[in-house]
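Undergrad: sequence and predicted model, in that order:
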Amino acid sequence: MLPNERVRAVYQGAQPDQVPLALDLSHWYRKNYKVPFDLNGFRRVEQGLVDLHRKLGAVCYVETGSFYRLESIDPRVRIEAGTRDGVFTTRISTPCGSLHEERVFDPGSYSYNIRKHLLESPADFPVIECLMANLRCRPCWDYYRSWQAALGDLAFLYAQLPYSGSGYLMARHLGVENTVYAVMDYPEQVRRLVQAVNQCNLRILDTIIDGPFETLLISDNYDSNVQTRAYFDAYAREYYTEVARRLHQKGKYLAVHVDGESRGVLAWLAECGVDCADALTPRPMFSATPAEMRRQAGPNLIMSGGIPATIFSPRTSDADFVECVRRWLETKASSSRLIMAAGDQVPTDASYDRIAMLPELVEKFGAY
């Protein structure tokens, strides 16, 4: 089978000839190839990243840039974003007020750390509600197809929605501590903000849903250490269920990017009809082993991930790396709903030699 045919088979509930290998190499590529990091994302096919995927034989599925543009129907509502002197600033202007966020580039981690959150308290929420009411999207499917053409049989590209209302607050724009306080002290304001973001996202979904993609990703960075069952039920369950329903009506699939503690959340996602839990990270970074993850997920939720960032580290031995990969691939005996990937991105300090071990390891331990 071709590499992307293996991923497609997993989503279709069929058994491929071996577990597919799919990697997010974008961050590693930028740091190690000394490519400037623009938080606005790629705007054209990045041939160096394509060549890296071809060299490794790994499917490319995320971090290729957005396949639509967001536009405001009201000229008084504007989003402006750009980098100056290593600071990426986002400014939102509306008739309800203005907000800005600052993120500072760290050359060590090759990432942008938040210096000032966009939101500081529920008093800022009306600005975002005004923004969300006015946003519409314009698909860019020619850009999608250009990546497909460049990658060939290594392309299984996920379209992506912005953060859900839950992730918008907790994982991105207000922070964990302030979101917890807001949920406790201002529940109605939080619920109104979450609904405004989710309704905007559903309009985006309706605009893109007939596009050429097969799987859509919600990149909420869910972590059940801080996003409890009560939080999930109040702010995420209904939305995930509705997105899954709309996609399934069109014969498409839904993946949710976990990238945190998965204890509990795998079962919750399965209950919503989510098809894939992406960026799953087992021990030693989080609590569950791959086998425990499979028991929690049930037989039908696709588990994508398996390699913690710490296991890619040069401080870990090759033997430990091989053992980690083997334990993940062993779960194929319980369910073929499995993808071999990083527990989020391949970290920038991973050696190329270790990354290059993966195709052979998947062939050795992941064949059916």
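TA: Looks like it arrived, so ask away.

Undergrad: quick one: residues contacting the closest residue to residue 283 other than its chain neighbours.
TA: Among residues not flanking residue 283 along the chain, residue 289 sits closest, at 5.6 Å (Cβ to Cβ, 6 or more residues apart in numbering). Using the backbone N, CA and C atoms, a C-beta is placed for each residue, glycine as well. Counting by Cβ atoms under 8 Å, 6 or more residues apart in numbering, residue 289 touches 282, 283, 327.

Undergrad: okay, the last one: pLDDT?
TA: Residue 327 carries a pLDDT value of 98.

Undergrad: what sits against it?
TA: Contact analysis of residue 327 by Cβ under 8 Å, 6+ apart lists 282, 289, 290, 291.

Undergrad: swap in the first one?
TA: Under the criterion of Cβ under 8 Å, 6+ apart, the neighbours of residue 282 are 288, 289, 290, 293, 305, 306, 308, 324, 327, 328, 343.

Undergrad: what about 10 Å?
TA: 262, 288-293, 303, 305-308, 311, 324, 327-328, 331, 343 (Cβ atoms under 10 Å, 6 or more residues apart in numbering).

Undergrad: and if you look at the second one?
TA: Neighbour list for residue 283: 289, 290, 292, 293, 308, 310, 311, 324, 327 [criterion: Cβ under 10 Å, 6+ apart].

Undergrad: could you pull up the mean pLDDT of the helix or strand hosting residue 50?
TA: Element membership for residue 50 (DSSP states H and E) is helix 47-56. For helix 47-56, mean pLDDT rounds to 98.

Undergrad: re earlier: out of the contacts of residue 327, which sit inside helices?
TA: 290, 291 (DSSP state H).

Undergrad: may I see the contacts of residue 327 arranged in JSON lines, with distance to residue 273 and pLDDT as well?
TA: Listed next are these as JSON lines, based on distance: Cβ to Cβ, whole Å; pLDDT from 0 to 100:
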{"residue": "282", "distance to residue 273": "24", "pLDDT": "96"}
{"residue": "289", "distance to residue 273": "26", "pLDDT": "97"}
{"residue": "290", "distance to residue 273": "23", "pLDDT": "98"}
{"residue": "291", "distance to residue 273": "24", "pLDDT": "98"}
